[in-house]
Each structure stands twice: as C-alpha cells, then as structure tokens.
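**Q** Sequence first, predicted model second:
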Amino acid sequence: MSSTTADCGCPPAAPVETYTAKDFRSTLKPIWCPGCGDYGVVTGLYRALASIGRPPHEIAFVSGIGCSSRIPGYTTAYGFNTVHGRALPIAQGIKMANPDLLVLVAGGDGDGFSIGGGHVPHAIRRNLDLTYIVMDNHIYGLTKGQLSPTTPRGAKTSTSSYGSIEEPVNPLLYVLAYGCGFVAQAIPSDMDGMTKVIEEAIRYPGFSFVNIQSPCVTFGDPEDQAKVQKAKMKKLSDLGHDPANRLRAMELAQTYGTDLYTGVFYRNPNPPQTYDHYIRERQEALRPKQAAA
Ligand SMILES: Cc1ncc(C[n+]2csc(CCOP(=O)(O)OP(=O)(O)O)c2C)c(N)n1
Ligand code: SF4
C-alpha cells in the first residue's frame, strides 16, 4: 500500500491510498492440488481488488463449502467460509447490515447450482450490489469427483461410471434468464481477461455474476484443462459482441458446454436501483422520526 497526494494546487486533501495485489494476499498458504485452476482465480482476484482500490477492511468475502470456497481465507479481506450452498443468503445479510462494505461471494458449481441453486434467482431479483464468482470445474472437487450440476452429459465421474445421463445446468443462461444485470465468463489461463471481468463485475452497480471455468486437475476431464481451454477460448470482444444486447447474450450463452466464450455477455446499460439503495433511503426517511421520538 502507498499514499499519494493530489498535485492540483487545491487545499491538502486526504491522501489517496493505492494498493497492490500483495495487499490482498493472506499469509495462509493455499492447500489446493498443484495445478488447480483456483490458484489462478485467487491471483486474478488480488489484481482486480488492487485496481478497485478499496482497503481489505472494507471488503467482506463470503463462500460456501468446497475446494473453491476456501478462497476467502487466502485474502486479507474479512472472510466467511459458511455452509454448503448458503453463501448467497449470508452475503445478502451482510450487505443489508452494512451496505458500505464491498461484498464478494464465491463457490463451486455444486455449491451455487445444486444445493444453492434456489438462492440464485432470488439474489438476482433482489439486486443487492454483490459480485458472485462461481468457480465452475464441472465436478464436486472437495468430496472427490462426484458429478455436479454442470458435468457434461456422458462424462464419467465417481457417481456416473457409465457416463452422466443428465443434461447439465447452463449457469450463464440461468442467470441471464432471471434478469442478472452483469454476466461474464472467464478462464484462469487468460489471466488478464479474467482479472478485467472480475474488476468490471465489482464495478457494476448491482448483482453481478462471473462464471470462471476453473479446471480441477485431480478429478476433472483431461479435455477440460488449462491448455485445452486456452485453445478453445473465443473472446466476445473479438467477435464484436455488444454487451448491451441481452437477447444476443442469451443466444451466445446457449453454446455453454460446446463453445468457450469469455468476456462480458451482458451488462445492463441502465442499471436499476439496488436493494441496498432502497434500504439506505428508508433508513434516511426514518431518521428524523426516530430522533423526534
Ligand atoms: C449440507 C451439505 N451437504 C453436502 C456437503 C458435502 N459437500 C461438501 S463440498 C461439496 C461439493 C463440492 O463441489 P463444488 O461446490 O462444485 O466445489 P469444488 O469443491 O468443486 O470447488 C459437497 C457435496 C456439505 N458439506 N454440506
Ligand atoms: S480436487 Fe480439484 S478443485 Fe479441489 S483442489 Fe484439487 S484440483 Fe482443485
């Protein structure tokens, strides 16, 4: 962290503090398997937070349970590794209690779209200003390789030894269909692209969602690893996609599982007021009455 002062001839202002990625890295050493995509995700997150410029004590980072859900412990932000599938309700409670906090939520595809899947639509329609990062490895990593809601049809896992016979959930279409105002996808091997979308998601004023296809090197499909992903990746910006076009975003999102598009699928050009805004407004309206009582 370093401090600078404005050089504009104005009266001395409070120093502006700048942060580096290191300021967000905790002393706890990650215990993910060597090569796990989640190492890349946490690095991108440190970098994105450094660009945002909020100090660690103004950030609350909430997760569920899973390998990916260990992530808050590896940052210097306030962290809460909660209960499997329940990160979103807890994060919403934190944001409602203290709307000034920057609140991040993270977890796996199992955490977010299996046991926690019912919370996603309500978090979206409630529209608190949160950023939800799903580390989508298409498998249950922590519990040793069972199929997850995003496991592709036909994939052999410890609970689908003859190949999965279920159609996978499409996380991008799921959140777009419920009206999420910011939807992006990234892969950790494209570090700059991933860092950029995490930063953009945090800056979006409302509920934002980033699906990071983060490979599980231990239980994941060999065809779903960093090198293959990098070769498959197509940047939405190179296609000239207009992120304000929600219907086109939904069309592109339909290819989840076959094509690997990265970047911003959708950013609402006219973000509606957030739930936290209305809470602040009502608190303000009640204040004079409370003082008079
Ligand atoms: C209520 C409850 N049900 C089940 C579990 C067991 N469990 C822990 S993590 C997990 C799934 C992990 O997969 P995912 O959320 O995709 O995260 P990953 O480990 O792949 O990062 C399960 C089923 C639990 N801890 N609590
Ligand atoms: S089991 Fe998979 S998801 Fe979990 S730490 Fe190892 S590589 Fe990562």
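**A** Sure, I can see it. Ligands and ions are numbered 1, 2, ... in the order given.

**Q** which element is A106 on?
**A** In this assignment (DSSP states H and E), A106 forms part of strand 102-108.

**Q** The stretch 51-200 of the chain against ligand 2: which residues are in contact?
**A** The stretch 51-200 of the chain has residues C67, N137, G141, L142 near ligand 2, with proximity defined as Cβ under 6 Å from any ligand atom. The C-beta positions use only the backbone N, C-alpha and C, and glycine is treated the same way.

**Q** Near the residue found closest to the third one once you drop the neighbours it is linked to in the chain, how many other residues are there?
**A** If I follow you right, that is G141. Spatial nearest neighbour of G141, chain neighbours left out: C67 (4.1 Å); criterion: Cβ to Cβ, 6 or more residues apart in numbering. By other Cβ atoms under 10 Å, 26 other residues sit near C67.

**Q** so C67 sits right up against D38, yeah?
**A** Yes: using Cβ atoms under 8 Å, C67 is in contact with D38, at 6.4 Å.

**Q** can you list residues touching both of those two?
**A** Common neighbours of C67 and D38 are listed as W32 (criterion: Cβ atoms under 8 Å, 6 or more residues apart in numbering).

**Q** which regions of the chain sit below the pLDDT cut-off?
**A** Along the chain, segments meeting pLDDT under 70 span 2-16.

**Q** all helices for it, in order.
**A** With helices called from DSSP state H, the chain shows them at 38-52, 87-97, 109-110, 119-126, 171-177, 191-203, 226-232, 246-253, 275-292.

**Q** Distance-wise, check the residue nearest to G141 relative to ligand 1.
**A** Applying Cβ to the nearest ligand atom, to the nearest Å, the value for C67 to ligand 1 is 4 Å.

**Q** residues touching that residue, list them.
**A** The contact partners of C67, by Cβ under 8 Å, 6+ apart, come to W32, C36, D38, G108, G141, L142, C216.

**Q** so which of the residues you listed would you say is closest to N270?
**A** Within the contacts of C67, distances to N270 taken as Cβ to Cβ reach their minimum at G108, with 32.3 Å.

**Q** Tell me if I'm right that that closest one and R70 touch.
**A** No: shown here, G108 and R70 do not form a contact pair, counting by Cβ under 8 Å, at 10.4 Å.

**Q** Among the two, which residue is more densely surrounded?
**A** More crowded of G108 and R70, by other Cβ under 10 Å: G108, with 33 against 20.

**Q** how close does the residue nearest to the more buried one when sequence neighbours are not counted get to A177?
**A** Nearest non-adjacent residue to G108, counting by Cβ to Cβ, 6+ apart: G66, 3.9 Å away. Using Cβ to Cβ, to the nearest Å, we find G66 at a distance of 24 Å from A177.

**Q** What of F265?
**A** Look at F265 and A177: by Cβ to Cβ, they are 12 Å apart.
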